[in-house]
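Peer 1: Provided below are the primary sequence and the corresponding predicted coordinates.
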Amino acid sequence: MFKNLIFFLFFNLIYAQNNYVDFFLLKYNPQEGDFIFQDLDSSPLCDAIEEVTPGIFNQNFSHVGLIIKENNSFRILEAFINGVKIVSLKEFISRSFDKNGVPKITIARIHPAYLKENPYLINDAIKKSKTLLDKPYDTNFLMDKNSFYCSELIYEIFNTNNEFFKLNPMTYKNSKGKFQQTWVDYFKNLKVKIPEGEPGINPGKMTLNKNLQFIYNYKKPYDFN
C-alpha cells in the first residue's frame, strides 16, 4: 500500500511538471535577447553559488541563459557543464522545479528605452556568441576569455561595444565572512587558490541591472504576458 502511494505521488509530480512546462511553452512569447535566470538545485555547488549571489525579488539564482532564434525556432544559448551550447527551451526550463512542479526560472528583457539608444545591442551580442560556441566551461570562474561560466558568457557578448553589465569583486564567503566549505573543497580539488576578490559576475548581480525589466517570475507563474 505504502509503495503504491509513493508511486502515485511520484507519478503526479512528474505529470504536474510536464503539464506546467507545456503550459509555459504555450503562454510564453519569447523574444531574442530575453534573459532566463534559473534557480538550480542540481548540486551543492549550485547552493553555494546561490548563497553568495543574492538577486532581485530577494531570490537566489545559479544559472542564466539567453534566448536566440535559430532555424525559425527560439532556443537558449548558455555556458553549462558541457561548455557553450545552444539547447531547447524545454531542456533548459526542465532542470529545476519548485514543490508544485513549476520551473524555477525568472525572465527579463532589456528595457525598450535602453534598446532605443542601443538598437544593435542584441544583434551584436548574438553575433558574438556564435564565435564562442563549443568553448569549454570555466571551472575556475576567472574572466580569461578562453572558457566561460554562465554569466561570464553573457557579460562577454553584451559588453563588446557597451558597458551593459558591470564586474564586481567576487566573494566565496558566507554571511559570517568565512569561506564556504563547498568552495574550499571545490578549489582544492582543482589545485588552485580561491579567487576571492577577483573581478567577476554572477546571475544574481545581473538581475539587479536597472536596464532590465522582468516579465515572468516562477513565484507568480500565472501572472505573466
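Peer 2: Great, that's in hand.
Peer 1: where exactly do the strands run in the chain?
Peer 2: 35-38, 63-70, 73-80, 83-88, 105-110, 168-169, 199-200, 212-217 (DSSP state E).
Peer 1: what's in contact with stretch 148-166?
Peer 2: 35, 63-66, 77-80, 83-84, 118, 120-121, 124-126, 128-129, 132, 135-138, 141, 143, 145, 167, 200-203, 205-206, 209, 211 (CB atoms under 8 Å, 6 or more residues apart in numbering). C-beta coordinates here come from the backbone N, C-alpha and C atoms, glycine included.
Peer 1: Return the distance of Lys99 relative to Tyr218.
Peer 2: 12 Å (CB to CB, to the nearest Å).
Peer 1: Going by how many neighbours each has, rank those two and give me the top one.
Peer 2: Tyr218 (23 against 7; other CB atoms under 10 Å).
Peer 1: out of the strands of the chain, nearest to Gly177?
Peer 2: strand 168-169 (14.1 Å; CB to CB).
Peer 1: Remind me what that closest one packs against, helices and strands.
Peer 2: If contacts are counted by 3 or more CB pairs under 8 Å, 6 or more residues apart in numbering; DSSP states H and E, strand 168-169 sits against strand 199-200.
Peer 1: Residues in contact with the strand it packs on: which ones?
Peer 2: Residues contacting strand 199-200 (CB under 8 Å, 6+ apart): Phe141, Leu142, Met143, Glu152, Leu167, Asn168, Pro169, Met170.
Peer 1: what would those residues look like in JSON lines with pLDDT?
Peer 2: Listed next are the contacts of strand 199-200 as JSON lines, based on pLDDT from 0 to 100:
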{"residue": "Phe141", "pLDDT": "93"}
{"residue": "Leu142", "pLDDT": "93"}
{"residue": "Met143", "pLDDT": "93"}
{"residue": "Glu152", "pLDDT": "97"}
{"residue": "Leu167", "pLDDT": "94"}
{"residue": "Asn168", "pLDDT": "91"}
{"residue": "Pro169", "pLDDT": "93"}
{"residue": "Met170", "pLDDT": "90"}
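Peer 1: Those residues in helices, which ones?
Peer 2: Members of the contacts of strand 199-200 lying in helices (criterion: DSSP state H): Glu152.
Peer 1: Now the residue nearest to the spatial centre of the chain: closest residue in space that isn't a chain neighbour?
Peer 2: The chain has Val64 as the residue nearest its centroid, 1.5 Å off, counting by CA atoms, centre = their mean. Distances taken as CB to CB, 6 or more residues apart in numbering put Pro203 closest to Val64, at 4.3 Å, once the chain neighbours are dropped.
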